[in-house]
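**Q** coords please:
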Amino acid sequence: MDNSLKKLIYRSKHRGNKEMDIMLGNFAMNGIDTLQNNELEVYSKLLDESDNDIWDWAAGVQPVPDVYADVIKKVVNATR
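**A** Predicted structure coming up:
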């Protein structure tokens, strides 16, 4: 596993919000390998978004921005 992938996994698991750490950490440990190169870049950008926005998008409370739609779908499906 290369260092950039290790960094993404670490960032996913250490956001400081327990629910986000669980959801994104679980995805990173078990589903990040389902992402293609361009999706890895999008996932990295997603990790810069606020926890509230990510949670609302994953829960379907707010519409997901087009740029994140495929990645959020994979996160949600992997963590169900």
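**Q** apart from its chain neighbours, what residue comes closest to the spatially most central residue of the chain?
**A** What sits nearest the mean C-alpha location of the chain, by Cα atoms, centre = their mean, is residue 24, with 5.0 Å. Nearest in space to residue 24, with sequence neighbours left out and distances taken as Cβ to Cβ, 6 or more residues apart in numbering, is residue 12 at 4.0 Å. From N, CA and C alone the C-beta is placed, and that goes for glycine too.
**Q** what lies in contact with stretch 57-76?
**A** 23-24, 27, 31, 34-35, 39, 42-43, 45-46, 49, 53-56 (Cβ atoms under 8 Å, 6 or more residues apart in numbering).
**Q** among these, which are located in helices?
**A** 23-24, 27, 39, 42-43, 45-46, 53-56 (DSSP state H).
**Q** returning to that earlier point: quick one: pLDDT of the residue nearest to the centre of the chain?
**A** At residue 24, the model reports a pLDDT of 95.
**Q** residue 16 is in contact with that one, correct?
**A** No - contact criterion Cβ atoms under 8 Å: residue 24 and residue 16 do not qualify, at 11.5 Å.
**Q** tell me the one of the contacts of stretch 57-76 nearest residue 7?
**A** For those, the minimum distance to residue 7 (Cβ to Cβ) is 11.6 Å, reached by residue 43.
**Q** just the endpoints, please. Distance across stretch 28-39?
**A** 13 Å (Cα to Cα, to the nearest Å).
**Q** buried stuff in that stretch?
**A** Burial within stretch 28-39, assessed by neighbour count using 16 or more other Cβ atoms under 10 Å, is assigned to 28, 32, 35, 39.
**Q** stretch 67-74 too?
**A** Residues 68, 70-72, 74 are the ones in stretch 67-74 that count as buried (16+ other Cβ under 10 Å).
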